[in-house]
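>>> The sequence and its predicted three-dimensional model are supplied below.
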Amino acid sequence: MRDALVSGLMAVDEALRQLLALARSEPFTAVEQVALRGADGRVLAEDLCAAIDLPPWANSAMDGYALRLDDLVAQPLRVSQTVFAGQAPEPLQVGTCARVFTGAPVPAGADCVQLQENCEVDAQGRVRSLDALRRGDNIRPQGNEIRARAPLLAAGTVLSPIALGVLASQGFAQLPVLRRPRVALLSSGDELAGEGAALGPGQIYDSNRVVLAALLERLGCEVIDLGCVPDDPLRLRAALTGAEGAELIISSAGVSVGDADCIGALLREDGEVKLWKLAIKPGKPFTFGHVGAVPLLGLPGNPGSALVTFLLLARPYLLARMGVERVEPLRVPVVAGFNWPKAGKRQEYLRVRLDGGRARLLENQSSSTLLSAVLGDGLLEVPAGETFEAGDVLDFIGFAGVGV
Ligand code: AMP
Ligand code: MG
C-alpha cells in the first residue's frame, strides 16, 4: 500500500526516495573554515581523524592511592608523592604509594589505584589497602577512549554540542564545514501581507515564511528572503531572478489546482515539474521541480501542510544535499490514546500531544491551522488505508527531533 500510487497520487515513501536520489546527485560542496565555538549545527565537510590519544596519559579514575600490586605484601605503604590533576608525577618509588586524585596522571610503575574509602591510614600516615585489587583497577589507560589517528567523525556529521565536545577534547580549534546553503524563500498569494503591514480587505498575514525561515536557519541555511509575491507569473519570475546565488528555492502556496497554480505554471515554462500531488495529508499539492538549473520545493499554502511537507520532505532533501547520512525524521513507537476508525486514502500526519505516555489527538487537525501544532509534541504517522484503536502502537515523529 505504502509504495503504490493511491488514486493517482504518489506515495510519500516513493516521493522521498526520488527526492533523496536527486539530492544526492546534487550535493552542496563549498567548504569554509569556522571556529569550533561557532560550529554548532553546521555540517562537517571532511572526515576527521583523532589528533591525540585520549586520555593522553594513564590517569586515575578515582581519588585514592596509586600503587604497585606486588608491593602490597609489604603494606602499610608510605606515601612518597601527591599528584593532582594537571601535575606531572615522578616514577613511583618501590615499596611506596602515591596519593592521587581523579584525573591525575598515574606515576610510572604504579599498576592500580585503590579507592581512598577502601584504605586505612595509620598514625604515621602509611596506607593499608583493605580491599582486593587487580592490575589496572581504577586506571584509565592512555588512549583507551580514542587512539591518535583513528577515524573520529565523518564528513556529513551534523555538529551537535556533543560532537563539538569530542572535537574540543582533541584540541580542534577550527573546523572545515559546508558553507551555509543559500536558500531563496518566498510566499505566493495575492492575499498575503508581510509582518508589520496593515491588513487590507481580504488579506491575511503571511505565517509560512516566518516558520520556514526559522526552520531553514536552524538547519544552517542562509535564507534569501524574497518576500510575498502576488499570484502573477511575471511578478513571480521577476522575484526569482532576484534570487541570485540561490542553490534552492522554497515557496509556499500556488501549487494547488483550484488556485492560480503560479508555481506549477512557472516550472512548466522555465524548467520541469518532477513531482506533484502526493498521497500525504496534509500536503497533497507538494511540488518539486527545477526553475532553470535551480531546484524548487513548492510547499502547499495551508500552514499545517507547509509545516508537514517541510519536515517530511524538504528537510530530508536539504540534509541529503548537505551529505548527511540519516536524513529522515526519527520515528519512535508510541501508544495511541484514541480510536481512528476511518481509514484514509493518504498517509496522514496527526498533530498529537504526549500525555502520560499516550498520544492524545489535538482538537483541530485542519491543514489551515498552526495552533494545534504549537500545542503538540509531534506527528503521529497513520499509513494510508489503516485504522487503529486506543492502545495500538504507531510511529511518532517528535517536533524536537526535527528542529521545531
Ligand atoms: P493555496 O495553496 O494558494 O491554494 O493556499 C491555500 C491556503 O493557504 C489559502 O487559504 C491561503 O490563503 C493560505 N496561505 C497561503 N500562503 C500562506 C502563507 N504564506 N501564510 C498563511 N497562509 C497562507
Ligand atoms: Mg494561493
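Yep, it's here. Ligands and ions are numbered 1, 2, ... in the order given.

>>> residue of the stretch 201-350 of the chain with the smallest distance to ligand 1?
Using CB to the nearest ligand atom, G301 is the residue of the stretch 201-350 of the chain that sits closest to ligand 1, at 2.5 Å. Where C-beta positions appear, they are placed from N, C-alpha and C, glycine not excepted.

>>> Now that residue: which helix or strand?
Using DSSP states H and E, G301 falls within no helix or strand.

>>> tell me, how many neighbours does it end up with?
The local packing of G301 (other CB atoms under 10 Å) involves 25 other residues.

>>> From D232, how far out is it?
Distance, G301 to D232, by CB to CB, to the nearest Å: 16 Å.

>>> ditto for A320
Where D232 is concerned, A320 sits at a distance of 33 Å (CB to CB).

>>> Just confirm G95 contacts Q75, I think it does.
No: at 9.5 Å, G95 does not count as touching Q75 under the criterion of CB atoms under 8 Å.

>>> other SSEs contacting the strand or helix carrying A239?
For A239, the host element (DSSP H and E) is helix 233-241. With contacts taken as 3 or more CB pairs under 8 Å, 6 or more residues apart in numbering; DSSP states H and E, helix 233-241 sits against strand 182-188, strand 222-229, helix 262-270.

>>> Tell me which of those is the most buried.
strand 182-188 (a mean of 24; mean count of other CB atoms under 10 Å).

>>> For G378, which non-adjacent residue is closest in space?
G398 (4.1 Å; CB to CB, 6 or more residues apart in numbering).

>>> What does the pLDDT read for that neighbour?
According to the prediction, G398 has pLDDT 98.

>>> Next: D261.
For D261, pLDDT reads 78.

>>> Touching, it and S251? I think so.
No: the pair D261 and S251 fails to qualify as a contact (CB under 8 Å) at a distance of 11.9 Å.

>>> near ligand 1, which residues of this structure show up?
187, 189, 191-192, 204, 206-209, 252-256, 259, 300-303 (CB under 6 Å from any ligand atom).

>>> Mind doing that once more with 5 Å?
Counting by CB under 5 Å from any ligand atom, the chain comes close to ligand 1 at S187, G189, D206, S207, N208, A253, S256, D259, G301, N302.

>>> so how far is ligand 2 from the fifth one?
When distances are taken as CB to the ion, to the nearest Å, N208 and ligand 2 turn out to be 11 Å apart.

>>> for E269, same thing?
Taking CB to the ion as the measure, E269 falls 18 Å from ligand 2.

>>> And that residue, what's its pLDDT?
Per the predicted model, pLDDT is 85 at E269.

>>> residue contacts, E195?
Y205, D206, V210 (CB atoms under 8 Å, 6 or more residues apart in numbering).

>>> The last one: how many residues sit nearby?
Neighbour count of V210, defined by other CB under 10 Å: 14.

>>> tell me the contacts of the nearest residue to N144 once chain neighbours are set aside?
Leaving aside its chain neighbours, N144 sits nearest to P55 (7.3 Å; criterion: CB to CB, 6+ apart). Counting by CB under 8 Å, 6+ apart, P55 touches R140, P141, Q142, G143, N144, E145.

>>> Please name the residues that touch the closest residue to ligand 2 within the stretch 51-200 of the chain.
Taking CB to the ion, ligand 2 has its nearest neighbour within the stretch 51-200 of the chain at G189, 4.0 Å off. Going by CB under 8 Å, 6+ apart, G189 touches D206, C228, P230, D231, A253, G254, G301.

>>> The fifth one contacts G301, doesn't it?
Yes: with contact taken as CB under 8 Å, A253 and G301 are classed as touching, separated by 2.8 Å.

>>> just to revisit the earlier point, of all the helices and strands packed on helix 233-241, which lies closest to L44?
Nearest to L44 among the helices and strands packed on helix 233-241 is strand 222-229 (18.0 Å), distances taken as CB to CB.

>>> hmm, that closest one in reach of ligand 2?
No: judged by CB under 5 Å from the ion, strand 222-229 and ligand 2 are separated, with a smallest distance of 10.7 Å.

>>> I'd like to know which elements that strand is packed against.
strand 182-188, helix 208-218, helix 233-241.

>>> Distance from the chain centre to stretch 163-171, please.
18 Å (CA atoms, centre = their mean, to the nearest Å).

>>> again, but for stretch 167-180
17 Å.

>>> about what we covered before: pick the most buried one from the helices and strands packed on strand 222-229.
It is strand 182-188: most buried of the helices and strands packed on strand 222-229 by mean count of other CB under 10 Å, with a mean of 24.

>>> Just the C-alphas of it, formatted as PDB.
These are the backbone C-alpha positions of strand 182-188, laid out as PDB (Å, rounded to 0.1, in the frame of the first residue of the first chain):
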ATOM      1  CA  ARG A 182      21.800  29.600   0.100                       C
ATOM      2  CA  VAL A 183      18.000  29.100   0.100                       C
ATOM      3  CA  ALA A 184      15.700  31.600  -1.500                       C
ATOM      4  CA  LEU A 185      12.300  31.700   0.300                       C
ATOM      5  CA  LEU A 186       9.000  33.200  -0.900                       C
ATOM      6  CA  SER A 187       5.300  33.100  -0.200                       C
ATOM      7  CA  SER A 188       3.000  33.300  -3.100                       C
END
